[in-house]
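only geometry, no sequence info:
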Ligand SMILES: Nc1nc2c(ncn2[C@@H]2O[C@H](COP(=O)(O)OP(=O)(O)OP(=O)(O)O)[C@@H](O)[C@H]2O)c(=O)[nH]1
Ligand SMILES: [Mg+2]
């Protein structure tokens, strides 16, 4: 049996009018099944299509759906920082708006958290070759670079499935505005001694709407931010100051603290 927790789902959104309604509806089903209390935080990053209007309509019908709007496009990291800062439930899940996985895997991930005592469960794509040779190679190279720079392997840094205790987010200070954000999250969580486990997931590549995050400018921004943030991403918290040596049940979640304590 999976113990029910409260869950904040964070979805970054940019021009997703063809995907967002279906993604939210599918996510609501899973959240109702596996959580006892949920919220969906959709961060609209200055979309120019109809997606904010669609989200506003869903939010009017379901008070658990919230939208944060950026006046200017800030890219993935900026949007995730806004969404994570607004998350108020015990667990926080990150999912992309183009529904790259079945949200029903939330049940498996909560179970994995319970069984392993991990603070963060990261999903990896069981098969990512489906994305084409170029992006598959980028992905392997990026994972390898992050692994070499920070000293440990992670299978699929940029895959959007990440389920974490909210206290992980409260303990770290995320700075990336671009797509380095996932690596920054994983590396800083690990450096602070949070336990991370990975689960393999079926991956469904986008079939509707436009891809925005695989352009050369996005990749360049990752490397610019990596150079800038490298020193702080290398900093490890001494072992005796790290949280939680032993697994805790999911209902033992500390009260909300202010950010960066
Ligand atoms: N905040 C923000 N989010 C974005 C931006 N561009 C895309 N996104 C969102 O980030 C998530 C991932 O974007 P995708 O375009 O799917 O990127 P990807 O998964 O690498 O590539 P494809 O799935 O092939 O399109 C989705 O939820 C998008 O709506 C952006 O400029 N700002
Ligand atoms: Mg995608």
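Looks like it came in fine. Only a predicted model underlies this, so the values are computations on that prediction, with no experimental measurement involved. Ligands and ions are numbered 1, 2, ... in the order given.

can you list contacts of stretch 100-118?
Outside of stretch 100-118, the residues within contact range by C-beta atoms under 8 Å, 6 or more residues apart in numbering are 2-3, 5, 7, 9, 26-27, 29-31, 33-35, 91, 93, 95, 119, 121, 123, 159-161, 163, 165, 195-197, 199, 201-206, 246-250. Placement of C-beta: from N, CA and C, glycine included.

cutoff 7 Å now
Outside of stretch 100-118, the residues within contact range by C-beta atoms under 7 Å, 6 or more residues apart in numbering are 2-3, 5, 26-27, 30, 33-34, 93, 95, 121, 123, 160-161, 163, 195-197, 199, 201-204, 247-248, 250.

cool, and stretch 158-173?
Contacts to stretch 158-173, defined as C-beta under 7 Å, 6+ apart, come from residues 84, 87, 89-96, 100-101, 109, 113, 119-125, 139, 142, 179, 182, 185, 188-189, 192, 194, 201, 253-254, 257, 259-261.

So which of the contacts of stretch 100-118 are in helices?
The helices, defined by DSSP state H, take in 26, 27, 30, 33, 34 from the contacts of stretch 100-118.

returning to that earlier point: which among the contacts of stretch 158-173 count as buried?
Using 16 or more other C-beta atoms under 10 Å as the burial test, these include 84, 87, 89-96, 100-101, 109, 113, 119-125, 139, 142, 179, 182, 185, 188-189, 192, 194, 201, 253 as buried.

Quick check: which of those residues are also close to ligand 1?
residue 96 (C-beta under 6 Å from any ligand atom).

check the buried ones among the contacts of stretch 158-173 against ligand 2, which are close?
With C-beta under 5 Å from the ion as the criterion, the buried ones among the contacts of stretch 158-173 include residue 96 near ligand 2.

hmm, back to that, just send the ones in helices among the contacts of stretch 100-118 back as a markdown table, with distance to residue 76 too.
Output for the ones in helices among the contacts of stretch 100-118, formatted as a markdown table (distance: C-beta to C-beta, whole Å):
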| residue | distance to residue 76 |
| --- | --- |
| 26 | 21 |
| 27 | 18 |
| 30 | 22 |
| 33 | 28 |
| 34 | 25 |
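
got the contact list for the closest residue to ligand 2 within the stretch 1-150 of the chain?
Proximity of the stretch 1-150 of the chain to ligand 2 (C-beta to the ion) peaks at residue 98, 4.3 Å away. Neighbouring residues of residue 98 by C-beta under 7 Å, 6+ apart: 16, 19, 206, 209.

filter those residues down to the ones near ligand 1?
Among these, ligand 1 is touched by 16, 206 when using C-beta under 6 Å from any ligand atom.

Most neighbours among the contacts of residue 98, which one is it?
residue 16 (30 neighbours; other C-beta atoms under 10 Å).

Hmm, that residue is touching residue 209, no?
Yes: between residue 16 and residue 209 there is a contact under C-beta atoms under 7 Å: 5.7 Å.

mind listing the helices for the stretch 51-200 of the chain?
51-61, 75-86, 105-116, 133-150, 166-171, 181-191 (DSSP state H, counting those that start in this stretch).

got those as JSON lines, with mean pLDDT and distance to residue 213 columns?
JSON lines is the format used below for the helices of the stretch 51-200 of the chain (pLDDT from 0 to 100; distance: least, C-beta to C-beta, whole Å):
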{"stretch": "helix 51-61", "mean pLDDT": "98", "distance to residue 213": "16"}
{"stretch": "helix 75-86", "mean pLDDT": "98", "distance to residue 213": "6"}
{"stretch": "helix 105-116", "mean pLDDT": "96", "distance to residue 213": "21"}
{"stretch": "helix 133-150", "mean pLDDT": "93", "distance to residue 213": "10"}
{"stretch": "helix 166-171", "mean pLDDT": "96", "distance to residue 213": "21"}
{"stretch": "helix 181-191", "mean pLDDT": "97", "distance to residue 213": "11"}
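
Residue 68 is nearest to which of those?
Within the helices of the stretch 51-200 of the chain, the stretch nearest residue 68 is helix 75-86; the backing value is 5.2 Å (C-beta to C-beta).
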